[in-house]
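>>> just to be clear, the model below is a prediction. Sequence and coordinates:
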Amino acid sequence: MKLHQRVAVITGAGSGIGRACAKEFAREGARVVVADIHVEGARQTVRDIEALGGTGLAVRTDVSDPESVRQLAAATLDTFFFIHVLVNNAAIQVNKTVEDTTFEEWNAQLAVNLGGVFLCSKYFIPHLRKTRGAIVNMSSVNGYFVEPVCAGYCATKAGIIGLTKAMAIDHGKDGIRVNCICPGYIDAGLAEGYFQAQPDPAAARTAAGKLHALWRIGRPEEVARMAVFLASDDASFVTGASMAVDGGFGSGLPPAV
C-alpha cells in the first residue's frame, strides 16, 4: 500500500473527483478526512470508504472561511493526531463571461477555488512540516488552455498553478512537496454543470470528448490515481509540477456546439 497509515485531508470530497480521490487513498491504506461544505455528501464518501474496509472522518468545511479551516485541522488532529497529505480539491464554477459575471460570483470563485488552496495550505503547513508531508492541488487544463464562457474559473485555475510553484519553492526546505493536477474534462460534477449550461448539453458533451486525443472525457478515478502518486513516496523527487491528466486535451477536433 502506497499510503499505509498516513492521514490525508481531502477537500470537496463529498462528490466527483474528490470522492474518487478519497476512495483511492483509502484503498492505498490512508485514513481519510473527507471535508465538504455538503456534509451529507461527505458522510456518503465515508460510508464508501468503510465499505472498502478503510477509515474515514466527515467534516463539514467551508474552505473560504478561516475559522472553518482551523476547525478542520483541529478535528483531524483530535482524531488522527498527524497530517501527512492535504489535497486541495474543493471548487466551484460559474459559466459566464467577465461581462456577465456578477461581482459576488467573481469573489465566490476566488474565495473557494484559489482562497481555499491558500487557507487550507496556510493552516496545514505547520503540521505537514512535522511529517514532511505533501500537498496536492487540483487545478485544470483551463489554467493554461482557456475555453469560452468560464472566465473566473479559468483565472482561478491559472492562479493555482502559480501558487503551487510558489509554495513548492518556499517549503521544499521543510521537506514538503507541493504539486498540482490539471485534469481535462472529467465525468464529474463541475464538467456536468458546464455541459448543462450550454444550449445543447448532449452535443456539448460529445464535442468535449473530441477535444481529447483519446476522444473521450476522463473518469474521476483516473485523476485520483495521479493524486495517489503525487502523495506517495513514488513522487519523492517531484515538486512544483503541474501534471496533466487530460487525455491529450486540445489535440482533437474543435467543439461543435
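That came through, no problem.

>>> give me the helix or strand of the protein that scores worst on average pLDDT.
Every helix and strand in the chain was compared by mean pLDDT, DSSP states H and E; the lowest is helix 189-196, with a mean of 80.

>>> in that one, what's buried?
For helix 189-196, a neighbour-count test (16 or more other CB atoms under 10 Å) marks 189-191, 194-195 as buried. For glycine as for every other residue, the C-beta is placed from the backbone atoms N, C-alpha and C.

>>> which residues in the stretch 101-250 of the chain form strands?
For the stretch 101-250 of the chain, the strands defined by DSSP state E, counting those that start in this stretch occupy 134-138, 177-183, 242-245.

>>> which of the ones you listed sits closest to residue 9?
Comparing these by their distance to residue 9 (CB to CB), the top pick is strand 134-138, with 10.0 Å.

>>> which other helices and strands does the closest one contact?
Contacts defined by 3 or more CB pairs under 8 Å, 6 or more residues apart in numbering; DSSP states H and E place strand 134-138 against strand 85-88, helix 115-131, helix 151-171, strand 177-183, helix 220-231.

>>> contact partners for residue 169?
Listed by CB atoms under 8 Å, 6 or more residues apart in numbering, the contact set of residue 169 reads residue 240.

>>> and the pLDDT at it?
For residue 169, the pLDDT comes out at 98.

>>> what does residue 119 give?
Among the per-residue scores, residue 119 shows a pLDDT of 98.

>>> roughly how far does the nearest residue to it once chain neighbours are set aside sit from residue 213?
Nearest non-adjacent residue to residue 119, counting by CB to CB, 6 or more residues apart in numbering: residue 69, 4.7 Å away. Look at residue 69 and residue 213: by CB to CB, to the nearest Å, they are 38 Å apart.

>>> the more surrounded of those two?
residue 69 (24 against 14; other CB atoms under 10 Å).

>>> contacts only, for that one.
Counting by CB under 8 Å, 6+ apart, residue 69 has contacts 61-63, 119-120, 122-123.

>>> distance of it from residue 51?
Counting by CB to CB - residue 69 and residue 51 are separated by 28 Å.

>>> do residue 79 as well
Residue 79 is 20 Å from residue 51, by CB to CB.

>>> just residue 68 next, same as before
28 Å.

>>> how far does stretch 213-227 sit from its chain's centre?
Centroid separation for stretch 213-227 versus its chain: 13 Å, with CA atoms, centre = their mean, to the nearest Å.

>>> pick the most buried one from the helices and strands packed on strand 134-138.
strand 85-88 (a mean of 30; mean count of other CB atoms under 10 Å).

>>> CA atoms only: put it into PDB for me.
Extracted in PDB, the C-alpha atoms of strand 85-88 (Å, rounded to 0.1, in the frame of the first residue of the first chain):
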ATOM      1  CA  VAL A  85      -1.300  14.800   3.000                       C
ATOM      2  CA  LEU A  86      -3.500  17.700   2.000                       C
ATOM      3  CA  VAL A  87      -5.500  17.500  -1.200                       C
ATOM      4  CA  ASN A  88      -7.000  20.900  -2.100                       C
END
